[in-house]
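Novice: take this sequence and fold it.
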Amino acid sequence: MRGAYHPKAFLSLKRNIRPGLIARTQIVLQLEKDALSVRDVAQHAKLSYAAALHHIRLLEAENILVRRGKKPFRWELTGVGQQRLT
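Specialist: Numbering: from 1, shown residues only. Okay, here's the model as predicted:
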């Protein structure tokens, strides 16, 4: 079932359990399209604001995401992390 998750959703510092992988996959897929605020990510990924912020901060700690601008911050992918094989 590993192929169903985005490669950037896997964290090296945390245990990668299914609910977290699903949430982070939804977040990364939204951020691949455009830089978004946490509120926008939560709405598009159908997560609570707190859950989206929690996973975004986990991804930020591993340098997969970076925040830009002033409040409300826009989050975008850095290019770090596992890449998809095409």
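Novice: the longest helix seen in the chain packs against which elements?
Specialist: As far as residue count goes, and with DSSP state H defining each element, the longest helix of the chain is helix 18-33. When contacts are defined as 3 or more C-beta pairs under 8 Å, 6 or more residues apart in numbering; DSSP states H and E, helix 18-33 packs onto helix 38-45, helix 49-61, strand 74-77. Backbone N, C-alpha and C define where each C-beta goes, glycine included.
Novice: who are the packing partners of the second one?
Specialist: Yep, that's helix 49-61 we're talking about. Under the contact criterion of 3+ C-beta pairs under 8 Å, 6+ apart, helix 49-61 touches helix 18-33, helix 38-45, strand 65-68.
Novice: starting at the chain centroid, how far to the first one?
Specialist: Read it as helix 18-33. Average the C-alpha atoms of helix 18-33, do the same for its chain, and the two points are 5 Å apart (C-alpha atoms, centre = their mean, to the nearest Å).
Novice: how about the longest helix of the chain, which residues are buried there?
Specialist: Gly20, Leu21, Ile22, Ala23, Arg24, Thr25, Gln26, Ile27, Val28, Gln30, Leu31 (16 or more other C-beta atoms under 10 Å).
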